[in-house]
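K.L.:
here are the coordinates; sequence isn't available:
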């Protein structure tokens, strides 16, 4: 997540304007959850909340419950 946040803060995908990116994905391996967890924010509305921010919220929520 830190790498995705850093990329977004550095300007992200220039094709998306201020939104930075409309899709973001991450796969997390953890033996605690017995495998791989896939998180995504796909195809957000143009001009809406940046996908990396949405993905960060999902990531934080996932790990807050553990």
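P.N.:
Okay, I see it. Note that the structure is a prediction, hence the values are computed from the model and not measured.
K.L.:
what pLDDT does residue 55 get?
P.N.:
pLDDT for residue 55: 91.
K.L.:
which ones are touching it?
P.N.:
For residue 55, the contact set (C-beta atoms under 8 Å, 6 or more residues apart in numbering) comprises 1, 4, 24-26, 39-41. (Glycine included, C-beta is placed from N, CA and C.)
K.L.:
what's the first-to-last distance across stretch 45-52?
P.N.:
13 Å (C-alpha to C-alpha, to the nearest Å).
K.L.:
make residue 1 into 350 and carry on from there
P.N.:
Sure thing, new numbering starts at 350, so read that last one as stretch 394-401.
K.L.:
go ahead and measure how far that stretch is from the middle of the chain.
P.N.:
11 Å (C-alpha atoms, centre = their mean, to the nearest Å).
K.L.:
now swap in stretch 353-364 and tell me
P.N.:
For stretch 353-364, the distance to the chain centre is 11 Å (C-alpha atoms, centre = their mean).
K.L.:
now swap in stretch 398-411 and tell me
P.N.:
That offset, for stretch 398-411, works out to 5 Å (C-alpha atoms, centre = their mean).
K.L.:
where does pLDDT dip in this protein?
P.N.:
Scanning the chain for pLDDT under 70 picks out 362, 365-369, 414-415.
K.L.:
strands of that one, residue ranges please.
P.N.:
373-379, 384-390 (DSSP state E).
K.L.:
could the ones you listed be laid out in TSV, adding distance to residue 408?
P.N.:
Compiled in TSV, the strands of the chain are given as follows (distance: least, C-beta to C-beta, whole Å):
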stretch	distance to residue 408
strand 373-379	7
strand 384-390	6
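K.L.:
for these, give me CSV that also has distance to residue 363 and mean neighbour count.
P.N.:
As requested, the strands of the chain are exported to CSV (distance: least, C-beta to C-beta, whole Å; neighbours: other C-beta atoms under 10 Å):
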stretch, distance to residue 363, mean neighbour count
strand 373-379, 15, 14
strand 384-390, 19, 13
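K.L.:
center of the chain, which residue is that?
P.N.:
Central residue of the chain (C-alpha atoms, centre = their mean): residue 404, 2.9 Å from the mean position.
K.L.:
can you check which helix is longest in the chain?
P.N.:
helix 400-413 (DSSP state H).
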